[in-house]
Structure formats: structure tokens, C-alpha cells
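Chemist: Turn this into a structure:
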Amino acid sequence: MRRATWEQRADEVESLLRLLFRAYEGRVALSASFGGGGVVLAHMVSRIDARVPVLFLDTGFHFPETIAFKQRFAQRYGLRVVDLSTAHDATPDGLYRTDPDRCCRARKVEPMRRALADYDVWITALRREQSETRQSIGVIEQQEVDGRSILKVMPLARWTRRDVHEYLAANGVPSHPLLERGYTSIGCWPCTRPTVAGESERAGRWSGTAKTECGLHAFARRKGRAV
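Modeler: Next up is the predicted model:
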């Protein structure tokens with residue numbers, strides 16, 4: 001009997017993570033929002049090497065459910081979660097309405113840029129099917145951040161949303177509670193809404209505007225695509 005697609009892909013991802021953790025010991029970090037595929041990678045990290053830091057962007061605007069879920073998940077799996085934040089009092093609370101790009105830069109991009117100075121490998125849970133802007137991502141890309149090279153690794157690039165669900169179900173891993181309430185992509189509460197049937201996975205982010213990305217996965221310059 002042939003193994004399920006997600007099982008084959010999970011084996012591949014775990015093998016890649018083990019290789020990275022050995023080759024770049026102490027210089028690898030996973031970033032996760034605990035809203036989607038990042039939970040898959042966080043679970044794998046807990047089984048392979050729970051010492052690997054999980055970077056979480058504390059924007060000050062997360063849903064209460066996100067913060068509570070992150071805390072429960074980290075405790076359950078013994079994760080080393082590192083909260084990244086900026087000086088929220090220096091960023092007007094209403095900035096998400098007047099200048100969402102600037103808000104994202106202050107609360108997401110800049111904290112992550114600073115944190116990555118300590119790492120050579122940045123692992124994220126981006127998937128190609130999430131949106132048009134992500135369809136060309138590689139599994140491994142060489143990128144440049146502030147003049148230094150870093151490997152950006154997206155082990156779930158080829159995964160589908162169904163693969164994610166099947167992995168979590170088969171391994172008994174909990175998922176973000178808002179997913180059951182129609183939120184297919186979960187960010188800051190002022191800029192996130194549930195989606196409806198027929199909409200893309202990220203349609204609920206910055207709904208009604210031309211904005212589709214926070215900039216977190218665009219500030220680094222891609223130097224080459226390894227895989």
C-alpha cells in the first residue's frame with residue numbers, strides 16, 4: 001500500500017531539518033505565527049531538536065486566541081519560543097488604518113531583520129499554494145539581509161493545505177482555534193477576517209486593499225534559488 005503524500009513529504013522535511021540542524025548547529029531559527037503550517041514545523045522541531053529557537057513576532061495586535069495557543073503549544077512540546085517585538089508606544093495604534101505598510105515594517109519586518117543577524121538559516125512555513133505572490137518560492141533560497149548571506153528554507157513549499165491538516169490529525173497535533181471559525185490565514189486582528197467558500201487562503205488579510213503581504217518575506221534580497 002502506497003504511503004500518503006503528506007507522509008512522504010513529512011519524511012523529506014524531517015530529513016532536511018536534521019541535516020540543517022547538524023550543519024548549522026546553533027545558527028538555525030524557525031519563525032512561526034502558530035496559525036498554520038508553522039505548527040507542523042514547530043512540532044517537527046520539538047521531536048528533532050527542541051533547542052532550536054522558534055521566533056514569534058509579538059506585534060501587540062494578535063488575537064487573544066493566538067497568544068493563548070502559542071503559550072499552550074510551547075509548553076506542551078517544550079519549545080524554545082523567542083518573542084520579538086518593537087517599541088509599540090513609538091508606533092501609533094491607528095497606523096494599521098492609515099499606513100499598514102509602515103505598521104508591518106515596524107512591528108514585523110524590523111524586529112525580524114534584527115533577530116536574523118544571529119542566524120545563518122531562517123526556516124519558515126511558506127507554501128506555494130497560499131497565494132500568487134508565493135507561487136515561485138523555492139524550498140531553499142540564498143538571500144541577502146543587510147549585506148550578509150542567509151539561507152531561507154521553506155520546507156513546506158510544495159505542501160498543500162490538505163497535507164498540513166492530515167499531518168496535524170495523524171500526529172494528534174492541535175491547531176489554532178480560529179481555523180474552525182473560518183480564518184484560513186491568521187495575522188493581526190485589525191487586518192484579518194474569516195474567508196468564505198471560493199476565496200483564496202489569504203483573502204482575509206488586509207481585505208479591501210491592494211496589500212497582500214506584510215513585507216516579512218520580501219525585505220531580504222534573493223541571490224539564488226538552490227532548490
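Chemist: Count the residues that sit near R105.
Modeler: Under the neighbour criterion other CB atoms under 10 Å, R105 is assigned a count of 20. Just so you know, the C-beta spots here come from the backbone N, C-alpha and C atoms, and that holds for glycine as well.
Chemist: So in terms of bridging, what pairs with the residue lying closest to A74 once chain neighbours are set aside?
Modeler: Spatially, and ignoring its direct neighbours in sequence, A74 is nearest to V81 (4.6 Å; CB to CB, 6 or more residues apart in numbering). Beta-bridge partners of V81, counted by DSSP bridges, are V54.
Chemist: quick one: V81 from Q143, how far?
Modeler: The gap separating V81 from Q143 is 24 Å, by CB to CB, to the nearest Å.
Chemist: for L19, same thing?
Modeler: Counting by CB to CB - L19 and Q143 are separated by 19 Å.
Chemist: okay, the two: which has more neighbours?
Modeler: Q143 (19 against 10).
Chemist: what helices or strands is the helix or strand containing that one leaning on?
Modeler: Element membership of Q143 [criterion: DSSP states H and E] is strand 140-145. Under the contact criterion of 3 or more CB pairs under 8 Å, 6 or more residues apart in numbering; DSSP states H and E, strand 140-145 touches strand 148-153, strand 221-225.
Chemist: and the first one, which residues are buried?
Modeler: Neighbour counts over strand 148-153 (16 or more other CB atoms under 10 Å) mark I150, L151, K152, V153 as buried.
Chemist: partner strands of that strand, parallel or antiparallel?
Modeler: By DSSP bridges, strand 148-153 pairs with strand 121-123 (parallel), strand 140-145 (antiparallel).
Chemist: Tell me which of the ones you listed is the most buried.
Modeler: When these are scored by mean count of other CB atoms under 10 Å, the highest mean neighbour count falls to strand 121-123 (a mean of 24).
Chemist: what sits up against it?
Modeler: 17, 20, 24, 27-31, 41, 116, 150-155 (CB atoms under 8 Å, 6 or more residues apart in numbering).
Chemist: can you give me the helices in this protein?
Modeler: Secondary structure of the chain (DSSP state H): helices located at 5-23, 38-48, 64-77, 95-98, 100-104, 110-115, 161-171.
Chemist: Report the separation between the nearest residue to A42 once chain neighbours are set aside and T184.
Modeler: The shortest distance from A42 to any non-neighbouring residue, by CB to CB, 6+ apart, is to A32 (5.2 Å). Noted for A32: a distance of 17 Å to T184, by CB to CB.
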